[in-house]
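Student: this is a predicted model, with the sequence first.
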Amino acid sequence: MPDQITMKELIHLVQAQAKIIVRLEAKIDKLEEELEKYKTRKDSTNSSIPPSRDENRIPRTSSLRQKSDRKVGGQPGHEGKTLKMSEAPDEIIEHRACFCTECGKDLNNQPFEIFGKRQVIDIPTIKQVVTEHRVYRCKCTCGKVVESEFPVGIDSPVSYGRNIESLVGYLNVRQYLPFKRLQELLHDLMGANISEGGLHRLLNRLAAKGADAYELIRKSVVNSSVIGADETGMKVNGMKHWFWTWQNNHATYIAASTNRGSATINKHVSDISKEATIVHDCWKAHFQTQVDRHQTCTSHLEREAVYFEKRYKTPWPGSFRKMLIQAEKLKKKFTLDDYSSPNQARDELEKELDALLEIPLNPKHKELVTFQKRIARYRDHIFTFLYHHDVPPDNNGSERAIRNVKVKQKISGQFKIFEAAENFAILRSIIDTAIKNGQNVFLALNTIADYKTN
């Protein structure tokens, strides 16, 4: 007969099992949390994650855009566009009948009148043009040998001119053509055989000429009253680097950097206007920028709220998102006087925000709790746009300004050297600023290419 278990041994066994149960319950809770997180994953529709990182590239299903009452397609009053005839054609070809199709008589001496015309728009055959510069010397009667000089910019025996230089910048930086395709286009279109090293040198030269314009753009941005800021990752020879942007309605400044911290801010915008409002996505480094006010991007906050709604099935994130939407609608109704005058609707939103921050959340909803704490920490920067008419509620302008970096890398791949990333930042700043001001991008680059450096 087996030995009988003593009471002491039984108590010890129960205590040991109790500890195991506690450990297993904790493990189950953790696994359930991870499983729930897996069921509701973050993607571009419910967070600030870019579409390129969406698993299996799931189609967008949660757009923040609100439905409108307008029908699809052209709206009433929309003026259609069609090809228009030029009043001053470059070439006119006359088509006259030589003889009568009825009797066969010669018509060359008969008077003609125009009864119709049609125009064909085309471009001439593109080919490279070689211009040779020659310098001479002669001996003066006084005995002095006088030599002429080459024009400024003609520094080597053979070089490419400003049109090819600006075209390479336009196709590579604006149209994102990778070097192989760019070489093919230049060869097939105009018979120019430019090596990869030659393309690098042309971009280096164009970026160097654009340095002064780049600095003017930077000063225009840092001295403005409202500045949007954003940053995104990029690869340089396999290593993680960053592109930053600071922009306003008229200028876009982009900078390449090795870090995502305040060191980049101190390097590029340390002289930023202290009276400015900076609009950003709540990245902590931006709060270290020494400006008067901040505005956190409501679009980012709304997308996060969508994620929390799906994951935790709790009303708090939905209420928070609806509050932001109401605030955005209120701004559209505001007049200039409403920003500086007492406003009951705005006061109600302020009270609603404070009430939401006081609501206790389920401790198991860890990400949502963290989100609520972040909102509480930056509470004063949620409704800045309701007190200043020129401050937008979102940071969409900066996201558009930095998105071109991702498009560039999708098409052309990573940058091989950091200098190439810096060149892209300079030229893209010039291009985006030209676009914002309604300027012809190629002509803007052509003007830069014509700039005489010392």
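Tutor: Arrived safely, thanks for sending.

Student: what about residue 352, distance to residue 111?
Tutor: In this structure, residue 352 and residue 111 are 84 Å apart, going by CB to CB, to the nearest Å. For every residue, glycine as well, the C-beta is placed using N, CA and C.

Student: more neighbours: which of these two?
Tutor: residue 352 (16 against 5; other CB atoms under 10 Å).

Student: and the more buried one, how far from residue 169?
Tutor: To residue 169, residue 352 is 50 Å away according to CB to CB.

Student: all helices of the stretch 301-450 of the chain, in order?
Tutor: 315-333, 336-340, 344-358, 366-377, 396-412, 418-436, 441-449 (DSSP state H, counting those that start in this stretch).

Student: of all those helices, which lies closest to residue 129?
Tutor: With respect to residue 129, and counting by CB to CB, the nearest of the helices of the stretch 301-450 of the chain is helix 441-449 at 15.4 Å.

Student: next, the buried residues of that closest one.
Tutor: 441, 442, 444, 445, 446, 447, 448, 449 (16 or more other CB atoms under 10 Å).

Student: can you give me the pLDDT of the fourth one?
Tutor: Meaning residue 445. Among the per-residue scores, residue 445 shows a pLDDT of 97.

Student: for it, which non-adjacent residue is closest in space?
Tutor: residue 166 (4.0 Å; CB to CB, 6 or more residues apart in numbering).

Student: which residues of this structure fall in strands?
Tutor: Ranges of strands in the chain, per DSSP state E, are 137-139, 145-147, 226-236, 239-247, 252-257, 277-280, 293-296.

Student: possible to save those as TSV with distance to residue 437?
Tutor: Output for those, formatted as TSV (distance: least, CB to CB, whole Å):
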stretch	distance to residue 437
strand 137-139	47
strand 145-147	44
strand 226-236	17
strand 239-247	13
strand 252-257	10
strand 277-280	20
strand 293-296	24
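
Student: and those as a markdown table, adding mean pLDDT and distance to residue 369?
Tutor: Formatted as a markdown table, the strands of the chain follow (pLDDT from 0 to 100; distance: least, CB to CB, whole Å):
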| stretch | mean pLDDT | distance to residue 369 |
| --- | --- | --- |
| strand 137-139 | 95 | 83 |
| strand 145-147 | 94 | 80 |
| strand 226-236 | 95 | 26 |
| strand 239-247 | 96 | 29 |
| strand 252-257 | 97 | 32 |
| strand 277-280 | 96 | 23 |
| strand 293-296 | 96 | 18 |
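
Student: run the angle between the longest helix anywhere in the chain and helix 366-377 for me.
Tutor: The residue-count maximum for a helix in the chain (DSSP state H) belongs to helix 7-39. Helix 7-39 runs at 70 degrees relative to helix 366-377, counting by axes from the mean of the first three to the mean of the last three CA atoms, to 10 degrees.

Student: now do the contacts for the residue nearest to residue 299 when sequence neighbours are not counted.
Tutor: Excluding the flanking residues, the one nearest residue 299 by CB to CB, 6+ apart is residue 394, at 4.2 Å. Residues near residue 394 by CB atoms under 8 Å, 6 or more residues apart in numbering: 279, 297, 298, 299, 300.

Student: which helices and strands sit right next to the helix or strand of the chain with the lowest mean pLDDT?
Tutor: Taking mean pLDDT, DSSP states H and E as the measure, the chain has helix 7-39 as its least confident helix or strand, at a mean of 83. Judged by 3 or more CB pairs under 8 Å, 6 or more residues apart in numbering; DSSP states H and E, helix 7-39 is in contact with helix 298-312.

Student: hey, C-alpha coordinates of the helix it packs on in PDB?
Tutor: Provided in PDB are the C-alpha atoms of helix 298-312 (Å, rounded to 0.1, in the frame of the first residue of the first chain):
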ATOM      1  CA  THR A 298      -5.200  64.900 -36.400                       C
ATOM      2  CA  SER A 299      -5.100  62.600 -39.400                       C
ATOM      3  CA  HIS A 300      -2.400  60.500 -37.600                       C
ATOM      4  CA  LEU A 301      -4.500  60.400 -34.400                       C
ATOM      5  CA  GLU A 302      -7.600  59.400 -36.300                       C
ATOM      6  CA  ARG A 303      -5.900  56.500 -38.000                       C
ATOM      7  CA  GLU A 304      -4.600  55.300 -34.700                       C
ATOM      8  CA  ALA A 305      -8.100  55.600 -33.200                       C
ATOM      9  CA  VAL A 306      -9.400  53.400 -36.100                       C
ATOM     10  CA  TYR A 307      -6.800  50.700 -35.100                       C
ATOM     11  CA  PHE A 308      -7.800  50.800 -31.500                       C
ATOM     12  CA  GLU A 309     -11.500  50.600 -32.400                       C
ATOM     13  CA  LYS A 310     -10.900  47.400 -34.400                       C
ATOM     14  CA  ARG A 311      -8.600  45.900 -31.800                       C
ATOM     15  CA  TYR A 312     -10.200  46.500 -28.500                       C
END
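
Student: what's the angle from that helix to helix 7-39?
Tutor: 130 degrees.

Student: what's helix 298-312 packed up against?
Tutor: Contact analysis of helix 298-312 by 3+ CB pairs under 8 Å, 6+ apart lists helix 7-39, helix 315-333, helix 366-377 as its packing neighbours.

Student: turn these into a markdown table, columns for mean neighbour count and distance to residue 99.
Tutor: Below are these laid out as a markdown table (neighbours: other CB atoms under 10 Å; distance: least, CB to CB, whole Å):
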| stretch | mean neighbour count | distance to residue 99 |
| --- | --- | --- |
| helix 7-39 | 10 | 84 |
| helix 315-333 | 16 | 71 |
| helix 366-377 | 16 | 87 |
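
Student: for the ones you listed, give me JSON lines that also has distance to residue 115.
Tutor: Output for these, formatted as JSON lines (distance: least, CB to CB, whole Å):
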{"stretch": "helix 7-39", "distance to residue 115": "74"}
{"stretch": "helix 315-333", "distance to residue 115": "56"}
{"stretch": "helix 366-377", "distance to residue 115": "74"}
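
Student: closest to residue 229 out of these?
Tutor: helix 366-377 (17.8 Å).

Student: mean confidence for that closest one?
Tutor: 95.

Student: quick one: it to chain centroid distance?
Tutor: Between the centre of helix 366-377 and the centre of its chain there are 28 Å (CA atoms, centre = their mean, to the nearest Å).

Student: so it versus helix 315-333, what angle?
Tutor: Going by the same axes, to 10 degrees, helix 366-377 makes 40 degrees with helix 315-333.
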